[in-house]
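Visitor: the sequence isn't on hand, but the structure is:
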């Protein structure tokens, strides 16, 4: 369902995307704003997110997700990826990744029924056709094919992320975990060599520390 176009917000979204190296056309930006508008309405009834108001949702969810989407685009080097967003909640960063790269297959999984139901309905209403929602625990996910990349924003520790999702990641795949400050304690819990890059990122209009922790199996490229 297309919402009334908010020109200032649309321009702000496209400018934020450009700031992290992504070009969003008008249609892509509108898909995201439609999705965000649906989240605001559902949130009033179903309490899907602790955030309230378009401005906070835009920055903390969409702009924050643009940083991992941009990083994955650079990593892909022109390849189409299959991406799994673990503990996706209301669909971030999955929805943003799907809009930015419409030829990729993006799956959002969450164990909370109302959140998975929202993502499925909002993806359809916002015309994000390459976004799929799954309700359940990722440890029990039966993937028809393994994923090229697994992303996580609020799933838990790095150790938990690896243990829960190892079975659905390709042998040469990567994990990308969104974190605030450098998670030294979490990294110290992992086998040597699994963390191959910690990438500081700047989220447009968000004055908080953010980084992406890139992980792969020992010997992965």
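Guide: Structure received. In this text, all values refer to a predicted model and were calculated from it rather than measured experimentally.

Visitor: paired strands for the longest strand seen in the chain, with orientation please.
Guide: Counting residues, the longest strand in the chain under DSSP state E turns out to be strand 169-179. If you go by DSSP bridges, strand 169-179 pairs up with strand 147-152 (parallel), strand 211-215 (antiparallel).

Visitor: show me what contacts residue 216?
Guide: Contact partners of residue 216, counting by C-beta atoms under 8 Å, 6 or more residues apart in numbering, are 172-175, 194, 196. C-beta: built from backbone N, CA, C; applies to glycine.

Visitor: recalculate using a threshold of 7 Å.
Guide: Residues in contact with residue 216 (C-beta atoms under 7 Å, 6 or more residues apart in numbering) are 174, 194, 196.

Visitor: buried subset of the residues you listed?
Guide: Taking 16 or more other C-beta atoms under 10 Å as the criterion, what is buried in these is 174, 194.

Visitor: possible to save the contacts of residue 216 as TSV with distance to residue 67 and pLDDT?
Guide: Shown next, in TSV, are these (distance: C-beta to C-beta, whole Å; pLDDT from 0 to 100):
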residue	distance to residue 67	pLDDT
174	16	97
194	22	92
196	18	90
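
Visitor: of the contacts of residue 216, which is the nearest to residue 166?
Guide: Among the contacts of residue 216, residue 194 lies closest to residue 166 (C-beta to C-beta), at 10.8 Å.

Visitor: for the closest one, which non-adjacent residue is spatially closest?
Guide: Nearest residue to residue 194, sequence neighbours excluded (C-beta to C-beta, 6 or more residues apart in numbering): residue 215, at 5.0 Å.

Visitor: distance check, residue 152 against residue 127.
Guide: To residue 127, residue 152 is 26 Å away according to C-beta to C-beta, to the nearest Å.

Visitor: using the three-state scheme, assign residue 144.
Guide: Classification of residue 144 by DSSP: H, G, I helix; E, B strand; the rest coil places it in coil.

Visitor: and the residue most central in space within the chain, what does it touch?
Guide: Geometric centre of the chain, nearest residue: residue 93, 1.7 Å, by C-alpha atoms, centre = their mean. Residue 93 makes contacts with 65, 68-69, 85, 151, 153, as judged by C-beta under 7 Å, 6+ apart.

Visitor: apply 8 Å and report the result again.
Guide: 64-65, 68-69, 85, 151, 153, 178.

Visitor: secondary structure added to the residues you listed, as JSON lines?
Guide: Shown next, in JSON lines, are those (three-state DSSP):
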{"residue": "64", "secondary structure": "helix"}
{"residue": "65", "secondary structure": "helix"}
{"residue": "68", "secondary structure": "helix"}
{"residue": "69", "secondary structure": "helix"}
{"residue": "85", "secondary structure": "strand"}
{"residue": "151", "secondary structure": "strand"}
{"residue": "153", "secondary structure": "coil"}
{"residue": "178", "secondary structure": "strand"}
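
Visitor: now, of those residues, which are buried?
Guide: The buried subset of those (16+ other C-beta under 10 Å) comprises 64-65, 68-69, 85, 151, 153, 178.
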